[in-house]
Every structure is written in structure tokens, then in C-alpha cells.
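Chemist: Next comes the sequence, and after it the predicted model I'd like to discuss.
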Amino acid sequence: MNDNGYKRRPSREGAPQPSDIIENNISDPGTGEQQPRPAANQGEPRRNPVDPAQPGEQRRIPADPAQSGEPRRNPTAPAQPGEQRRNPTAPAQSGEPRRTSAAPAQPGEPRRNPNVSAQSGEAGEPRRIPRPTAQPGEPRRTPTAAQPGETGEPRRIPRPTAQPGEQRRTPTAAQPGASNGARRGANTGAGQRPIPQTTPRPVIDDDDEDEDFDAFAARLNSRGRRRRRSSTIIGRILLVIFTVIFIVLFALVALCHTLVNGPSETVRDKLVLSAMQASATKWLPGLFLDDEVVQEICDRSKVEQPVTIPMGTLNNGSTETGDPNPGDSPNTDKPPETEPEPVDEWADAVDGMIYKTYTGASYKAYILIVRDPSRVYVGTSSDYKSGKIGSRIFDIVKREGAIAGINAGEFSDTNGMGTGNTPIGLTYSKGKCVWDDGAKRTFIGFDNDGVLHAVEKMSRDEAESLGIRDAVSFQTGNVLISNDGEKVTLHYAEGNVGMAQRTAIAQRADGAVILVVTDGRSASSLGATRNDIIDLLVSEGAVVAGMLDGGSSSMMYYEDYYIKYDIDTSTLDEYQRQGLTNRYKAFTKPRHMPTFFLVSPEGG
């Protein structure tokens, strides 16, 4: 390879060799004699023999070795007139130079298709045609693009495959140490356009790049599948939950509709009256029944069927088993054959009180009997003038220093959202009238002698004349038991079959006060009816009794009762461990209320 980057032409016999070139002479290839080199004209620079001829210059052709003494003809020059032009693709004759394959066709010579294989009789493999050079003004053809008129799909050049152990390089990147001219095979000698130098781009392995891209795409697809799978699972779970909720609600609505409109009026009335016992559910019966029907059921529940029994038939003890009903007691007029031995029930009393429970057919009751009625009084949450909300039972017993207590009178509680800031109806506390809004309600309270009164519609003047010291009011028709000194009247109401949490207060003939609260709204204790409470109080010897506010307001507090009566605290709920004896069942915390019947400490 010479200094210009071209391969040196193989020497032919008789051709001048570089060793034959002398400073001023040149060897004659025919005779071998030294002939003087043609000198440049005066003032003309010495011309490089490899430079192209100048315009108008007659370029001398070296002698053809085949014809001694005859100047060599340029194989690319057009044929002379009368000269027989040889097929340039034919094998060269002995001593005849081979014509270049890129030489243009001579006049009258058919042009051979360079894309076809060798003609019949030609030796060797099919000829490989170099990429044609675009002519001046002709757009460069893209190797992979089909020209107009060509048939078939565009030719796709396969990516060269790296040999084992070979560093893969991009087609435009030069090898380390190689110049642009060497890489392209360009001549950077004199008279040639210099090729601008470019900064070699970093070598990138296309296979590694493809592998990295495939791995990245696989990770994205995997994440997308996981997200879609998670979204699908969450969607199915939510669908199942909503479906179950819809089925349950639909089943409840269908069941309620069947019950209230079914053949059993007793079941219908029980459901309606149970819903009417709580302020938060009074609207529920109206979803299935006309308002006239609901009102008719409520009116029928207030119709009483009183039962009168002699006062002497009532005892001052308690019934431990069975559902007491003195109206069914046999032979009430026949005296017993033997007198039972008197039993002092107060022998084991704690704090001057007796605490016990009773389990009925559909309820569980908590009973507290206070021996001294003077210890029972009405506690108020405020003066009812400042608009302060009511008190919780835990707070008021601590403030008053009471040892026990139950909820008491009525208060405004629209849709179960009442705050208990003021009571409803005539209210007395510690000998003073603390509230009188003129509302006529069932009046329940103690006079100065400790006698319990349970009457309908007592005015303030009547209360003052009776010497009332502590009393509250609660709706109407809530007198459960009354007496005239000789007979006891039990105010049953057979139509009042609604079950709920109940609170009641009563007094025995010996003056002891009975406080009762029942559970409700649970599977183990649905609640008690009005008649259930009457039977329970009669069994405890009550001769006068009245119903107090119930539902979520029903609460009984007894300080440290689980310690005094050795009750396992693991069986108690949160509020019972704070002092409640009953199980509080509501959607809210214990209610704020304006009035309570409290029990002061013994001897206090």
C-alpha cells in the first residue's frame, strides 16, 4: 500500500518497478536502458504522476508491456475509429491487460446487465458489482429503497453478525487507531478533498441494548399484570361485599314487609310497638304501613285491662324462679296451713340495699331494692336555664356523691339526637320545683314522707299540696301499679306487646323502693313488655309503680357492685366495669340526660 492509502498494483513482467526509478532517469521497460525523465517546464512545479490530468493537458500513457515500444492505451478510453473493442468481461489474452469492470461500454457495444451472473462460458463466480456512484445532480439512492419501476419488496440488508470474540461496533464508528480516511478507504493525498474528522461515537453493543430493552419491557409488563391483577381482586372483593350487603338488606326489607303485612297481627303489632319505643326508630313502621294503621296499633296498646288484687296477698320478699303473676295464684283467699318462719332479708344487705338479677322469657332484669326511701331523690344535670347539655350517669353520681342511680324523666329527643338539656313535664328536686313547662304527663315522685306517687296529669298546685319533694314526668299512660289502701290495681295493657329496654321505679308496702332496669336489643335479651315489668314488680311486692324513660336511656349505676357481689369482671363490658349493671346497647355512648333518680350513701 502506497502513501495515499491505495493498494499497490501487482507487478507485471517488464513493468517499471520503483527500484528502476532513478532521480532523473527512468528505465525503458523494453530495452532496460535508462532514459531521461521528462522535465517540468521552466517555472512549472514538478507534477505528481498520480495526479489527474489538467484540463487541456495530454496525459502520456506508459508503454504497454504487451506491445514493446507502443505507448500503453488507457483501458477506459473510448475505442478508436476502426478499432475492434474487446469484451471487457472476457478473460485477458496472453500478455493483454484486463479491462476494468467499471469501464463504460464502447460505441456500438451492448451494455451488460451488471446484476446478472457470468455469461455462459465465463469462468468464476458471479461478478460482484460495486455500489454505483451518484452522478452530479442525481439524488443518492438509498440502498434499501426500491426504485420506481422495480418489482418486489425493498431489499433488506441484514445486520452483520459479530464473530466470536469480536468487539461489535456500529457501522459508522472507526476502529481504535484507524483514521477516517483509512476507515472509508478515501485518498487524502494532494488534489483530493479532505474528509472532515469526526469524534468517534462510543461503541454500543446492539445485542446487549436489545437484551436490556427486552428486560425493561418485561419488567413493565410484569408490573402492569400485577397491578391489573390487584385491581381485579379488589374489584371482585368490593363486588362481593356490596352484593352481600344488598342481599341482606333486601332480605330484611322483605322479611319486615312479610311480617307487618302477613296473617299474624300479633307479630305485626309487636314489631311496630317495639320500633315505637325508641326515638331513633319511630319512623320505621311508616315504611311498610300507613300512618293510620300505625296510629291505630299505638292507640290499642294504651287500652288497659286492669286487674285488682287484695293488698294482703302481696309479699315483701322476692321470687327467685319463674315468671310471677299474682293473678294466677291459686287459692289466694285460703290461708296457709302453717305460718312460714320470718326471714330477715336485710341480714345480708350491702350499703342498705339488695342487688339481684332476674331472667325472664325475653329479657334480663337488674333489680336494686333500697330499704330507706328518704335516700332516693332526683338529681338534675343543671338549672335548665343556661342551655347546658345533660349529664351522663357516670358524671352525675360522682358530682352528687351518690352510690347508685337510674335514669328518670322524659326529655326532648328528636330522632334520637337529643342532648338532654331540659326535661319535659313537671319536675321537682330536693323539695323545689325546678321545671314546669305546663306539659301534662304521667307524674312519678316522692313526697316529704317518702311515699311514692304515680298518677296521671298532676298540676303544680296539686304537687305543692301533696308536699312533693322529688318527682319527674314521663309521657302518658305509664302508671303500672296503683292502690287505694286496700286493693292493688295492676294496669295491664294486653295490646302493648312491644319489647324494649325498660326502666321503672316502685315501692313496697313497707316503704322499700324498687329500681328496675332491663336489657334489650340483643339476641340474649330482646327486651321486656309493659306486662312483663308489672309482673316482675308485683313479684317483688310493689304496691305502686310507674314506668320511666326507656330504650337507649335505660341505665342503672351501682358503685363497685362487681366487687361487693364478687362478679367476674371478664364477663362485663366496658361500661359495666365503670359501674353500669345492665348492658348498654346503642349506637352512641351513654346518653346525656336532664334527670336521674339517685341513691345517697347509707347514713349520709
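Modeler: Everything's here; your move. It should be emphasised that the depicted structure is a prediction, and the values quoted were computed from it without experimental measurement.
Chemist: my guess is residue 515 is in a strand, correct?
Modeler: Yes - Residue 515: assigned to a strand according to DSSP: H, G, I helix; E, B strand; the rest coil.
Chemist: isn't it right up against residue 536?
Modeler: No - using C-beta atoms under 8 Å, residue 515 makes no contact with residue 536, being 12.0 Å away. C-beta: built from backbone N, CA, C; applies to glycine.
Chemist: any weak-confidence spans in the stretch 301-450 of the chain?
Modeler: Applying pLDDT under 70 to the stretch 301-450 of the chain flags the ranges 315-341.
Chemist: Helices of that one, start to end?
Modeler: 393-400 (DSSP state H, counting those that start in this stretch).
Chemist: go on, the stretch 501-604 of the chain?
Modeler: 530-539, 561-564.
Chemist: Can you name every helix or strand that the first one contacts?
Modeler: In terms of contacts (3 or more C-beta pairs under 8 Å, 6 or more residues apart in numbering; DSSP states H and E), helix 530-539 is packed against strand 479-483, strand 487-490, strand 503-508, strand 513-518, strand 542-547.
Chemist: Can you list the strands that the third one pairs with?
Modeler: Under the criterion DSSP bridges, strand 503-508 sits next to strand 513-518 (antiparallel), strand 542-547 (antiparallel) in its sheet.
Chemist: Run the angle between it and strand 479-483 for me.
Modeler: Put simply, strand 503-508 runs at 10 degrees to strand 479-483, going by axes from the mean of the first three to the mean of the last three C-alpha atoms, to 10 degrees.
Chemist: Identify the residues contacting strand 503-508?
Modeler: 314, 316, 373, 406-407, 444, 451-452, 480-481, 513-518, 533, 537, 540-550, 553-556, 597 (C-beta atoms under 8 Å, 6 or more residues apart in numbering).
Chemist: hang on, residue 431 packs against residue 448?
Modeler: Yes - with contacts counted by C-beta under 8 Å, residue 431 reaches residue 448, the gap being 7.4 Å.
Chemist: Now for these two: what residues contact both?
Modeler: Common neighbours of residue 431 and residue 448 (criterion: C-beta under 8 Å, 6+ apart): residue 469.
Chemist: Give me the neighbour count for the residue lying closest to residue 388 once chain neighbours are set aside.
Modeler: Sequence neighbours aside, residue 382 is the residue nearest to residue 388 in space, at 4.3 Å (criterion: C-beta to C-beta, 6 or more residues apart in numbering). Each residue near residue 382 was counted by other C-beta atoms under 10 Å, and the total is 16.
Chemist: thinking again about what came up before, highest average neighbour count across the helices of the stretch 501-604 of the chain?
Modeler: Stretch with highest mean neighbour count among the helices of the stretch 501-604 of the chain: helix 530-539 (a mean of 24; mean count of other C-beta atoms under 10 Å).
Chemist: ok, and what's touching it?
Modeler: 314, 318-319, 323-326, 358, 360-363, 365, 367, 480-481, 488, 490-494, 496, 498, 502, 504, 506, 514, 516, 518, 528, 545, 547.
Chemist: So in the chain, where's the weakest helix or strand by average pLDDT?
Modeler: helix 180-184 (a mean of 45; mean pLDDT, DSSP states H and E).
Chemist: ok, then the element right after it?
Modeler: Next in sequence after helix 180-184, counting helices and strands by DSSP states H and E, comes helix 206-260.
Chemist: so what secondary structure elements neighbour the next helix-or-strand element following that next one?
Modeler: Using DSSP H and E, the helix or strand that follows helix 206-260 in sequence is helix 265-276. Secondary-structure packing of helix 265-276 (3+ C-beta pairs under 8 Å, 6+ apart): helix 206-260, helix 291-301.
Chemist: Which one of those helices has the poorest average confidence?
Modeler: Of all those, mean pLDDT reaches its minimum on helix 206-260 (a mean of 77).
Chemist: okay if I get the helices of the stretch 501-604 of the chain as JSON lines plus distance to residue 286?
Modeler: As requested, these are exported to JSON lines (distance: least, C-beta to C-beta, whole Å):
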{"stretch": "helix 530-539", "distance to residue 286": "22"}
{"stretch": "helix 561-564", "distance to residue 286": "41"}
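Chemist: Tell me which of those helices sits nearest to residue 402.
Modeler: Between residue 402 and the helices of the stretch 501-604 of the chain, the tightest spacing by C-beta to C-beta is seen for helix 561-564, at 13.5 Å.
Chemist: Can you tell me what sits against that closest one?
Modeler: Under C-beta under 8 Å, 6+ apart, the answer for helix 561-564 is 350, 351, 355, 567, 568, 569, 572, 576, 577, 579, 581.
Chemist: And for stretch 359-368?
Modeler: So stretch 359-368 is in contact with 318, 323, 353-358, 404, 406, 499, 502, 514-520, 524-529, 532, 536, 540, 556, 558, 581-582, 599, going by C-beta under 8 Å, 6+ apart.
Chemist: Return the set of buried residues in it.
Modeler: Residues 360, 362, 363, 364, 365, 366, 367, 368 are the ones in stretch 359-368 that count as buried (16 or more other C-beta atoms under 10 Å).
Chemist: Take those residues and lay them out in a markdown table including distance to residue 469.
Modeler: Converted to a markdown table, these look like this (distance: C-beta to C-beta, whole Å):
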| residue | distance to residue 469 |
| --- | --- |
| 360 | 33 |
| 362 | 36 |
| 363 | 32 |
| 364 | 32 |
| 365 | 28 |
| 366 | 26 |
| 367 | 24 |
| 368 | 20 |
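Chemist: Identify the farthest-apart pair in those.
Modeler: Spatial extent of the buried residues of stretch 359-368 (C-beta to C-beta) is set by the pair 362 and 368 at 21.4 Å.
Chemist: before we move on, back to that, relative to residue 394, which of the helices of the stretch 501-604 of the chain is closest?
Modeler: Set against residue 394 and scored by C-beta to C-beta, these come closest in helix 561-564, at 13.8 Å.
Chemist: In TSV: the strands paired with strand 503-508, plus distance to residue 476 and mean neighbour count.
Modeler: Formatted as TSV, those follow (distance: least, C-beta to C-beta, whole Å; neighbours: other C-beta atoms under 10 Å):
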stretch	distance to residue 476	mean neighbour count
strand 513-518	20	25
strand 542-547	11	26
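Chemist: Nearest to residue 229, out of those?
Modeler: strand 513-518 (53.1 Å).
Chemist: average pLDDT across that closest one?
Modeler: 98.
Chemist: now that strand against helix 530-539, angle please.
Modeler: 150 degrees.
Chemist: and strand 513-518, C-alpha only, in PDB?
Modeler: C-alpha atoms of strand 513-518 as PDB (Å, rounded to 0.1, in the frame of the first residue of the first chain):
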ATOM      1  CA  VAL A 513     -88.000   1.400  96.900                       C
ATOM      2  CA  ILE A 514     -87.600  -0.900  93.900                       C
ATOM      3  CA  LEU A 515     -85.400   0.200  91.000                       C
ATOM      4  CA  VAL A 516     -85.600  -2.000  87.800                       C
ATOM      5  CA  VAL A 517     -83.700  -1.800  84.500                       C
ATOM      6  CA  THR A 518     -83.900  -4.400  81.800                       C
END
